[in-house]
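> Sharing a model prediction with you, sequence too.
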Amino acid sequence: MAAELASLFDSLNLAQRKAVQADDGPTLVIAGPGSGKTRVLTSRIAYLLLARKTPAHRIMAVTFTNKAANEMRERLNRMMGAAQTGEMSIGTFHSICARLLRRDAPLIGVDHHFAIFDADDQLSVVKTALAELNIDEKKYKPAAVHSVISRAKNDLIWPDQFQPKTYFEEIVGRVYVRYNQILRANNALDFDDLLIETVRLLQHNPSVCQRVQERYLHLLVDEFQDTNLAQYVLVKWIAGKHRNVFCVGDPDQSIYAWRGADYRNVLRLQEDFPDLNVVALDQNYRSTQTILDAAMSVIRRNPNRRHIKLFTERGQGPKIVVRELYTDDEEAQYVVDTIRELIDHGAAAPGEIAVMYRTNAQSRALEDAFVRAGMPYRLVGATRFYARKEVKDVLAYLRIVNNPADSVSLRRIVNVPPRGIGDKTFAQIEEAARANGTPIYQSLTTGQLAGRAARALADFAALWRNWIDLRDELAVGQLFDHILQTSGYRDYLKDGTEEGEERWANVMELRNVAFGAGDMPLGDFLNEVALVSDIDNYDESANAPTLLTLHAAKGLEFRVVFIVGLEDGLLPHSRSLDNPDQMAEERRLMYVGITRAKDRLYLLRAFRRSAWGTSDMSAPSRFLDDLPAELLNLGGRSKEKQPSWSAGDLSQTARSPRPPVEFTPGQRVYHQKFGEGIVLRSTRQRDDEEVEVFFAKSGLKRLSATISGLKKIE
DNA sequence: CTTGCTACTCTTTTT
DNA sequence: GAGTAGCAAG
């Protein structure tokens, strides 16, 4: 024991050690990026377990992603070689709340088999509510309505407390009421319910509250700056008795205000726990001084922040490379080319490189470039695995078996594959269920419809019945196979097309997860699946560059980081331009991105970016202006002498932006769609180049050099 | 009820 | 440019 502790402390600096060994009572560790926050949190837990002999089951640790939780558990296991960490309550707020609620589900008006509705399901509930209330979807966008509802829940505002301030909110208030009723009729909770219902459970049930408060001797919270009000109140309740909260965070890295996160929770903590012990960590162990200086020069311009000076002993390191490319495709090509060079020169292994962007849509150009270069990559986000149609379909089958009240899932698959149960028939069933006040399952089995529909319904009801009977007899994996077979979904998906095979492969991946669940009850399995985030599945061992959004990059680090799309309107995002608070958040996002880099940082922008099928010009990000020239490598150009097409103001560049003729007759070229070809003629257009190419496969084509993405072959 | 066509929106960021 | 909602025809 003593040996483990000694070696643990050897790896910590004085300030970190002080935090780890803090006395019991409320503690807040404010720390800059790369200062070992998570390490301090893990060490604190090890310290509590080893030195303080705290039983593992009396510790709760909340992290931002399940991945972070798993990592922490692994580290503790390695450190202590003990399986006792398995008894710790560790996970995201959402997953921990789901576990708490499961036990006392009847107290909040659902049963133990309650479903957790994801973003997709939530939207479909909003749509149903809008339809029932005769509200026009075109005027009141379901997504916008839902975001207000979600925000209210995160601020702990129940439907009957919702105070509309605008006409729009007036409408939302009415939808909110109906929305929640529909959720409960489906025996379902949404993501936000997991938090707000747990707060209510603790508030209104003294015995439950006492049990929880008594049990958790220590509560530790990572990424505290990203907690919302509901989460903060949970912290207060859970730690209400023993008052041993240990929070770790960095206000400069708060990037989730848009979903209710409130960095003022730091102030609330100070108010609610006047004896709060605050520890600050500013030494950085991740990045070179150049990178830290760049990060500080960007974040410095935000108002109302505590000024901290980040320092490192890692030295200056290489300058930050700033480049301007002509299009987003060229930007992507630059990324791929540079990565290849870095790998060839041994500057970094492929897995130590990341490419970050503001919006998921930007990943497409990058993916194309990686595919063209035949270079493997990891993609985080975009179309998340669990959001794929086929995956959601199969899960919907499992969900109606676990929770026969789930009409949202039923609607999804009742006619997939086609069974002759169309919208109209389904609406009748739903109506019957509502009229009789019975769950949808019953009105399906006892339905008294006539003709073809009745036959189809009876057949489906028999299948469903059979699955439910098998629910508790078969393991999740076996049930999975059985349903896939008997429902006809398997044959429906495997339709012989290439796309069908791809979808089938995804279903098989899900099948692996199902078999991995072993004897776990179906409900537990579904809960777990509902709460995984994309980053949770990110495979460390795959040795390939990672493509991810700046948000997803939080908490990670890479030897080399590319941030692409440094353009006003993208980073900072156009929706933030007229709002100082949102602008400050964009700046923090940029700060988070920069500080992910250990050694090398590349900041790229494209002069022309295609979006919505058209290509538009863009101005450089204002954040680039904040970087001192001495930190930058501008590729031989001074800051004033940027490439020709961006010199001067935009109106001027619009007239004669680009390019000298790039393609000459006889040049061999490659086009993504048409393959290889030979240039016959090239004509300079106003701000483009028209190229006539003879393709081996598709014959003569006349193309725009900028839009076609035509490439030279050396 | 199913299939296939047209027209329209869409892009912040996520547990 | 792509995915989907909505509609018309089979």
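That came through fine. These numbers were taken from a predicted model, which means no experiment stands behind them. Residues are numbered from 1 along each chain as shown, chains lettered A, B, ... in the order given.
> for chain A, what are the low-confidence residue spans?
Scanning chain A for pLDDT under 70 picks out the ranges A:1-2, A:81-83, A:382-384, A:445-452, A:533-541, A:636-661, A:672-674, A:683-690, A:697-709, A:714.
> after the helix or strand harbouring residue A:78, next one along is what?
According to DSSP states H and E, residue A:78 maps onto helix A:66-80. Later in the chain than helix A:66-80, the nearest helix or strand by DSSP H and E is strand A:89-91.
> now that next one, how far from the chain's geometric center?
Taking CA atoms, centre = their mean, to the nearest Å, one finds strand A:89-91 lying 19 Å from the centre of the chain it belongs to.
> Adjacent strands (with direction) for that strand?
strand A:59-62 (parallel) (DSSP bridges).
> Surely residue A:7 is within a helix?
Yes: looking at residue A:7 with DSSP: H, G, I helix; E, B strand; the rest coil, it is inside a helix.
> helices or strands up against the strand or helix carrying residue A:677?
Using DSSP H and E, the element containing residue A:677 is strand A:675-684. Under the contact definition 3 or more CB pairs under 8 Å, 6 or more residues apart in numbering; DSSP states H and E, strand A:675-684 sits against strand A:668-671, strand A:689-695. In short, each C-beta sits where N, CA and C put it, glycine included.
> Including distance to residue A:441, could the ones you listed go into JSON lines?
Converted to JSON lines, the helices and strands packed on strand A:675-684 look like this (distance: least, CB to CB, whole Å):
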{"stretch": "strand A:668-671", "distance to residue A:441": "55"}
{"stretch": "strand A:689-695", "distance to residue A:441": "58"}
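> So which of the ones you listed is nearest residue A:559?
Nearest to residue A:559 among those is strand A:668-671 (31.2 Å), distances taken as CB to CB.
> is DNA strand C contacted by that closest one?
No: using CB under 7 Å from any atom of the strand, strand A:668-671 never reaches DNA strand C; the gap is at least 11.3 Å.
> returning to what we had before: pick the most buried one from the helices and strands packed on strand A:675-684.
Mean neighbour count (mean count of other CB atoms under 10 Å) peaks for strand A:689-695 among these, with a mean of 19.
> Pull up the pairing partners for that strand, direction included.
strand A:675-684 (antiparallel), strand A:699-704 (antiparallel).
> which residues does the residue in chain A that DNA strand B sits nearest to contact?
Relative to DNA strand B, the nearest point of chain A is residue A:422 (2.2 Å; CB to the nearest atom of the strand). The contact partners of residue A:422, taken as CB atoms under 8 Å, 6 or more residues apart in numbering, are residue A:415.
> how close does it sit to DNA strand C?
Note on residue A:422: its distance to DNA strand C, by CB to the nearest atom of the strand, to the nearest Å, is 10 Å.
> Same check on residue A:210?
Going from residue A:210 to DNA strand C by CB to the nearest atom of the strand gives 46 Å.
> cool, residue A:316 as well?
Relative to DNA strand C, residue A:316 is positioned 43 Å away (criterion: CB to the nearest atom of the strand).
> and that residue, what is it in contact with?
So residue A:316 contacts A:288, A:289, A:290 (CB under 8 Å, 6+ apart).
> Can I get those in a markdown table including secondary structure?
A markdown table is the format used below for these (three-state DSSP):
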| residue | secondary structure |
| --- | --- |
| A:288 | coil |
| A:289 | helix |
| A:290 | helix |
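> between those residues, which has the most around it?
Greatest neighbour count in those, by other CB atoms under 10 Å, goes to residue A:290: 24 neighbours.
> neighbours around the residue lying closest to residue A:532 once chain neighbours are set aside, how many?
Distances taken as CB to CB, 6 or more residues apart in numbering place residue A:66 nearest to residue A:532, at 5.9 Å, with adjacent residues excluded. Neighbourhood size, residue A:66 [other CB under 10 Å]: 20.
> Okay, residue A:66 and DNA strand C: tell me how far apart.
Here the criterion is CB to the nearest atom of the strand. By it, residue A:66 lies 26 Å from DNA strand C.
> doesn't residue A:93 make contact with that residue?
No: the pair residue A:66 / residue A:93 is not scored as a contact, 11.3 Å apart, by CB atoms under 8 Å.
> which residues do the two both contact?
Shared contacts of residue A:66 and residue A:93 (CB under 8 Å, 6+ apart): none.
> Could I have the CA atoms of the longest strand along chain A written out in PDB?
Ranked by residue count and defined by DSSP state E, the top strand of chain A is strand A:597-611. Extracted C-alpha coordinates of strand A:597-611, given in PDB (Å, rounded to 0.1, in the frame of the first residue of the first chain):
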ATOM      1  CA  ALA A 597      -1.700  20.000 -29.000                       C
ATOM      2  CA  LYS A 598       1.400  18.700 -27.300                       C
ATOM      3  CA  ASP A 599       4.100  19.500 -30.000                       C
ATOM      4  CA  ARG A 600       2.700  20.900 -33.200                       C
ATOM      5  CA  LEU A 601      -0.200  23.000 -34.100                       C
ATOM      6  CA  TYR A 602      -1.600  23.800 -37.600                       C
ATOM      7  CA  LEU A 603      -4.200  26.400 -38.100                       C
ATOM      8  CA  LEU A 604      -5.800  26.300 -41.600                       C
ATOM      9  CA  ARG A 605      -8.400  28.100 -43.500                       C
ATOM     10  CA  ALA A 606      -9.900  28.000 -47.000                       C
ATOM     11  CA  PHE A 607     -10.500  31.000 -49.100                       C
ATOM     12  CA  ARG A 608     -13.500  29.400 -50.700                       C
ATOM     13  CA  ARG A 609     -15.600  26.900 -48.800                       C
ATOM     14  CA  SER A 610     -18.400  24.800 -50.300                       C
ATOM     15  CA  ALA A 611     -21.500  24.500 -48.200                       C
END
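> That strand near DNA strand C at all?
No: using CB under 7 Å from any atom of the strand, we find that strand A:597-611 stays clear of DNA strand C, coming within 7.5 Å at best.
> After that strand, heading C-terminal, what element do we hit next?
Per DSSP H and E, the first helix or strand lying C-terminal to strand A:597-611 is strand A:614-617.
> Buried residues, that following strand. List them.
Neighbour-count burial for strand A:614-617, counted by 16 or more other CB atoms under 10 Å, picks out A:615, A:617.
> burial of residue A:98, as a residue count?
That count, for residue A:98 with other CB under 10 Å as the rule, works out to 23.
> On the secondary structure side, give me the element for it.
helix A:93-103.
> quick one: strands adjacent to the following helix or strand past that helix?
Next helix or strand after helix A:93-103 toward the C-terminus (DSSP H and E): strand A:115-117. As defined by DSSP bridges, the strand partners of strand A:115-117 come to strand A:188-190 (parallel).
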